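1. kindly return the folded structure for what I paste below:
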Amino acid sequence: MKILLVGGAVRNKLLGLPVRDRDYLVLDATVEDFLAAYPEAKSVGKTFPVFIYKGEEYGFPRGESLEQDLARRDFTVNALAQDEAGVLFHHPQALEDIEARILRPASEHSLSDDPLRAYRAARFLAVLPGFTASQELIEAMRRTAASGRLVEPFAERVGQEVQKACAGARPGEFLRLLDQGGCLGPWFEELAGTSTIPAGPPKYHDASVLEHTARVMDQLNGDVMSVWMGLCHDLGKALTPAELLPRHLGHEERGEGAALALGLRLRLPTRLVNAGADAARWHMLAARYPELRDATRVDLLFRLKSKGVLRELFCLAQADKNRADKGQNINTDHLPEALADLDAALSATLPPEARDQGEASGELLRSLRIKAVHAGRSSRART
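-> This is a model prediction of the structure:
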């Protein structure tokens with residue numbers, strides 16, 4: 001029995017990237033032989049024999065030989081295997097594509113064998129530094145989309161690819177490739193067609209809604225929830241009536257429902273679903289924070305605090321403004337001011353005799369918080 005390291009772990013070793021997940025291929029053995037050697041392994045494969053042992057995956061060849069197995073992998077740069085002695089086995093195109101940082105299907109049937117690979121491709125562009133999509137990949141994605149088979153993957157699997165992409169260094173590439181390959185529908189139908197919709201008036205925006213969204217995602221890289229919020233923040237612009245373009249008045253209200261629908265369709269964690277909706281609904285108010293009345297500030301701050309997205313929302317507003325204003329030298333970081341206001345508001349407390357009075361107590365506490373924010377702003381203005 002031979003056991004080879006395969007796939008992304010070998011790819012990352014060749015690229016000099018961290019190796020996190022290790023998958024293995026079992027050769028020259030039957031399932032019975034493998035289980036005799038690894039009796040604690042648990043079967044998880046439904047179509048092919050796949051086992052988990054000590055948190056790592058062990059599979060059997062998909063084909064009659066190692067070469068056939070590699071040819072049936074998703075992309076050439078993943079069609080790699082390495083034995084215990086360090087000997088490398090690879091798809092004929094794999095090493096050249098790794099050197100050139102090109103993502104290419106391992107065969108002409110790769111995406112038709114598994115339509116989820118269209119979304120895996122977009123995820124790989126988001127997480128692999130410097131990679132570009134081959135023309136063969138883009139054309140294969142378009143064929144897969146035209147076939148109607150993008151509906152086949154389970155929602156949770158597509159949602160997992162989105163979350164992995166949001167953790168990447170270039171998360172905006174996820175949207176860019178899906179748009180190029182015509183694969184935004186059916187899972188990302190809220191973004192379909194947004195590459196032809198202006199993000200706003202030319203004075204402020206020089207890109208489409210889709211490209212602006214991708215740029216914001218790139219600027220927020222490093223935090224999955226922030227990037228997801230960036231993906232969702234302008235979904236309402238896809239619903240702007242054509243006669244109102246290039247302006248998008250009211251897109252916040254339209255976007256909230258669109259973001260909820262997208263997150264729920266992808267079966268994302270509830271915290272992400274709600275954060276996306278909050279991003280769509282409140283990002284413009286956060287961007288105008290210095291202009292807001294004290295009462296509006298208090299209401300916004302406590303709404304965002306209760307939902308656990310205050311910092312992320314203000315970081316999104318900053319990224320959104322930076323991407324929109326064509327490099328104008330303006331202060332777009334309103335988070336320090338918001339946190340100072342929140343500290344002031346939290347310092348306000350109800351006197352003992354005003355507590356436990358239901359709605360009246362709530363109204364009085366809000367009033368005290370507004371006064372505290374006003375006093376704090378006045379104090380900061382004098383220093």
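2. strands of the chain, residue ranges please.
-> According to DSSP state E, the chain carries its strands in the segments 2-6, 23-27, 42-43, 50-53, 56-59, 80-82, 88-90, 102-103, 132-133.
3. columns distance to residue 305, mean neighbour count and mean pLDDT on top of the ones you listed, output as a markdown table?
-> Placement of C-beta: from N, CA and C, glycine included. Below are the strands of the chain laid out as a markdown table (distance: least, Cβ to Cβ, whole Å; neighbours: other Cβ atoms under 10 Å; pLDDT from 0 to 100):
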| stretch | distance to residue 305 | mean neighbour count | mean pLDDT |
| --- | --- | --- | --- |
| strand 2-6 | 47 | 19 | 96 |
| strand 23-27 | 42 | 20 | 95 |
| strand 42-43 | 43 | 10 | 94 |
| strand 50-53 | 41 | 17 | 94 |
| strand 56-59 | 41 | 18 | 94 |
| strand 80-82 | 48 | 23 | 97 |
| strand 88-90 | 52 | 18 | 97 |
| strand 102-103 | 41 | 22 | 98 |
| strand 132-133 | 41 | 17 | 98 |
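4. how about the helices in the stretch 1-150 of the chain?
-> Using DSSP state H, counting those that start in this stretch, the helices of the stretch 1-150 of the chain run over 8-15, 31-37, 66-71, 94-100, 110-113, 117-127, 135-147.
5. could the ones you listed go into TSV alongside mean pLDDT?
-> Shown next, in TSV, are those (pLDDT from 0 to 100):
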stretch	mean pLDDT
helix 8-15	96
helix 31-37	94
helix 66-71	93
helix 94-100	98
helix 110-113	96
helix 117-127	98
helix 135-147	98
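6. who wins for proximity to residue 278 among those?
-> Proximity to residue 278 (Cβ to Cβ) singles out helix 117-127 among the helices of the stretch 1-150 of the chain, at 22.9 Å.
7. other SSEs contacting that closest one?
-> Under the contact definition 3 or more Cβ pairs under 8 Å, 6 or more residues apart in numbering; DSSP states H and E, helix 117-127 sits against strand 102-103, helix 110-113, strand 132-133, helix 135-147, helix 155-166, helix 172-180.
8. kindly recompute the last result at 10 Å.
-> In terms of contacts (3 or more Cβ pairs under 10 Å, 6 or more residues apart in numbering; DSSP states H and E), helix 117-127 is packed against helix 8-15, strand 102-103, helix 110-113, strand 132-133, helix 135-147, helix 155-166, helix 172-180.
9. so how far is stretch 31-38 off the chain centroid?
-> In terms of Cα atoms, centre = their mean, to the nearest Å, the centre of stretch 31-38 is found 39 Å from the chain centre.
10. that should have said stretch 9-16, apologies.
-> How far stretch 9-16 lies from its chain's middle: 23 Å, per Cα atoms, centre = their mean.
11. list the buried residues of that stretch.
-> For stretch 9-16, a neighbour-count test (16 or more other Cβ atoms under 10 Å) marks 9, 10, 11, 12, 14, 15 as buried.
12. for the last one, which non-adjacent residue is spatially closest?
-> Closest residue to residue 15 in three dimensions, ignoring its sequence neighbours and counting by Cβ to Cβ, 6 or more residues apart in numbering: residue 98, at 6.6 Å.
13. any idea how far residue 81 is from that neighbour?
-> Using Cβ to Cβ, to the nearest Å, residue 98 is found at 14 Å from residue 81.
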